[in-house]
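>>> Just to be clear, the model below is a prediction. Sequence and coordinates:
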Amino acid sequence: MFALVLQKMVTTIHTDEACAGLLQNAWYLDDGSIAGESSSVLRALTIIQAQGPSLGFFVNFKKWELFSVSDLPPSIQTSNQPNMEILGAPIECTGCDVPDSAWRQAQLSLRRGSFGLRSFALHSPAAYIASLCGSGSVIPTPHLENAITHYNTCVPLSDSLSISGLVGHTPTQKKLSDAIEEMLFNSLLNSCSLADKARLLSVSSPHTSAWISAVSSSSLGLHLDPSEFQTAVKWWLGVNPSFSSDGNPMKLDVVGEKIMPEHDQADILVTNWDCGTSDAFDITVTSPLNSPNMLEAGMYQGVSAKSVEHRKHTENDPKCVELGWRCIPLAVELWSLGSRGVEGLLTGGYSFSHLG
C-alpha cells in the first residue's frame, strides 16, 4: 500500500520538465534508482525531499550511493567503487558495451548455461495464463486473449495455446516458461557465429553452471572478488572474449605438468586405487573453440573434451597396459566439466572401475 502512496511522488518526478534528462526513474516499493544528467538527478532529489515527508517517506542519506563521471561539489558524498548494492544485492557493472546476444543469453536459466535473469515482458503471459487456469474455470476475456496471443509469439507453433485448449487443462508456469526459453535458446543458437554456438553448447552442458549457484562463502574458499566475477561473467556471455594475434578467438589446449617425467602417461598416479590396480590420471584442459573441433562443437555438446579423451587413450593406453595401469583422461572443456572421467570425479556419477 505504501508503494501506492509514493506513486504520486514518482509521477511528479516523471512529469517534471527539469527531470527530462533522467535515463532511469525506477522504484521497487520504497527503494528507488535514479540515473541521468546531474541536473535532472538533483531536481529529482529536491522533489523527493520536498514531497517525501508528507507521504511518510524520509531520505536516509547513509543508505544512498551516488555515482558520477563528472566532478561534484565536495559536500556531496560519492562512491568510486565499480559495483553497487541495493539491500545487499550486488548490481554488476561489466564496464563495457553488452551486445544484445549477451543480454538474451543472460535471460536463460542455469540449466541453459546462464544466470536466470528472465525477461518480465517474455514470461508475464505465461505467469498470467498459469495463474488464471489454476484459479478456476477458464473464462474468455480480452486479457486472456491478449496473453495467449503474446505467448504464442514467444513459443514454437507446436507449443501454442488456445482458449478452447485450456478448458479442463491447467498448465504450470514452469512448463509454459520452459517453452519460451526453448525458443529463445534455439533462436540465439541459430543466429550466432560458429564460435558462439560452440560456447553456448558448452556452457549449457550438465552441471556447468554449478559455479553460479554455489554458496558464496569466503571461509569455504567459494567466492570471487568483483574483478574476478566481472571477468567470469564477460567470458560466460561472450562479451569481449580474448583474441589471438591473428584476430581469431583464443584457443586453448593445456596439458598438466607431468609429476612423473619418466612416465608421460600420468599427471597423477594413484597406486592400488581399485582392487590392486593403479590408475593414471592424465589432466588436459581444452576449448570448444579449438580447431578442428569447432565445427562439431557448434553442433554437439562436449565434442572437444571427447576428442581429447579419445586422443589420450590412443596415445597412452598401450603403455599403461604394459605397466599394469588404467588410463583415465580428465579432459576439461573451458566452459564445462568435460570428459566422463571429470564428470565422474566431480559428481560421483561414475565408478572409476568403469572409466577408461
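Perfect, I can see it now. Residues are numbered from 1 along each chain as shown.
>>> Tell me who's in contact with residue 143.
Residue 143 makes contacts with residue 128, as judged by C-beta atoms under 8 Å, 6 or more residues apart in numbering. Placement of C-beta: from N, CA and C, glycine included.
>>> Which of the helices or strands spans it?
helix 142-152 (DSSP states H and E).
>>> Likewise for residue 174?
Here residue 174 sits within helix 173-191, counting by DSSP H and E.
>>> What are the buried residues along that helix?
173, 176-181, 183-185, 188-189 (16 or more other C-beta atoms under 10 Å).
>>> Likewise for stretch 311-330?
Neighbour counts over stretch 311-330 (16+ other C-beta under 10 Å) mark 312-313, 316-317, 320, 325-330 as buried.
>>> And stretch 26-36, by the same measure?
Applying 16+ other C-beta under 10 Å to stretch 26-36 flags 32, 34, 36 as buried.
>>> Now render these as CSV, adding secondary structure, distance to residue 104 and pLDDT.
Formatted as CSV, the buried residues of stretch 26-36 follow (DSSP: H, G, I helix; E, B strand; the rest coil; distance: C-beta to C-beta, whole Å; pLDDT from 0 to 100):
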residue, secondary structure, distance to residue 104, pLDDT
32, strand, 27, 80
34, strand, 27, 84
36, strand, 26, 84
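>>> ok, the residues you listed vs residue 45, which is closest?
Ranked by distance to residue 45 (C-beta to C-beta), the buried residues of stretch 26-36 are led by residue 34 at 7.7 Å.
>>> Can you tell me the closest non-neighbouring residue to the closest one?
residue 44 (5.1 Å; C-beta to C-beta, 6 or more residues apart in numbering).
>>> Look up how far residue 56 lies from the one you found.
According to C-beta to C-beta, to the nearest Å, residue 44 and residue 56 sit 19 Å apart.
>>> For the protein, just list every one of the helices.
For the chain, applying DSSP state H gives helices covering 2-15, 38-51, 100-106, 120-135, 142-152, 163-166, 173-191, 194-203, 210-213, 226-237, 294-297, 303-323, 340-347.
>>> Check those helices for me and report the most buried one.
helix 194-203 (a mean of 22; mean count of other C-beta atoms under 10 Å).
>>> CA-only coordinates of that helix in PDB, if you can.
Listed next in PDB are the C-alpha coordinates belonging to helix 194-203 (Å, rounded to 0.1, in the frame of the first residue of the first chain):
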ATOM      1  CA  LEU A 194      30.200 -20.800 -35.100                       C
ATOM      2  CA  ALA A 195      32.400 -19.900 -32.100                       C
ATOM      3  CA  ASP A 196      29.500 -18.600 -30.100                       C
ATOM      4  CA  LYS A 197      27.500 -21.700 -30.900                       C
ATOM      5  CA  ALA A 198      30.300 -23.800 -29.600                       C
ATOM      6  CA  ARG A 199      30.400 -21.600 -26.500                       C
ATOM      7  CA  LEU A 200      26.600 -21.800 -25.900                       C
ATOM      8  CA  LEU A 201      26.500 -25.600 -26.200                       C
ATOM      9  CA  SER A 202      29.400 -25.800 -23.800                       C
ATOM     10  CA  VAL A 203      28.000 -23.600 -21.100                       C
END
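>>> relative to helix 173-191, how tilted is it?
Using axes from the mean of the first three to the mean of the last three C-alpha atoms, to 10 degrees, the direction of helix 194-203 lies 150 degrees away from that of helix 173-191.
>>> Could you give the number of residues near the spatially closest residue to residue 107 that is not a sequence neighbour?
Using C-beta to C-beta, 6+ apart and skipping the chain neighbours, the partner closest in space to residue 107 is residue 119 (5.0 Å). Using other C-beta atoms under 10 Å, residue 119 has 14 neighbouring residues.
>>> With residue 24 instead?
Residues near residue 24, counting by other C-beta under 10 Å, number 10.
>>> That one pairs with what?
Note on residue 24: beta-bridge partners by DSSP bridges are residue 35.
>>> Help me confirm that it comes into contact with residue 37.
No: using C-beta atoms under 8 Å, residue 24 is not in contact with residue 37; the gap is 11.5 Å.
>>> nearest to residue 307, of the buried residues of stretch 26-36?
The closest of the buried residues of stretch 26-36 to residue 307 turns out to be residue 36 (C-beta to C-beta; 51.2 Å).
>>> Please name the nearest non-neighbouring residue to the closest one.
Closest to residue 36 by C-beta to C-beta, 6+ apart is residue 22, at 3.7 Å.
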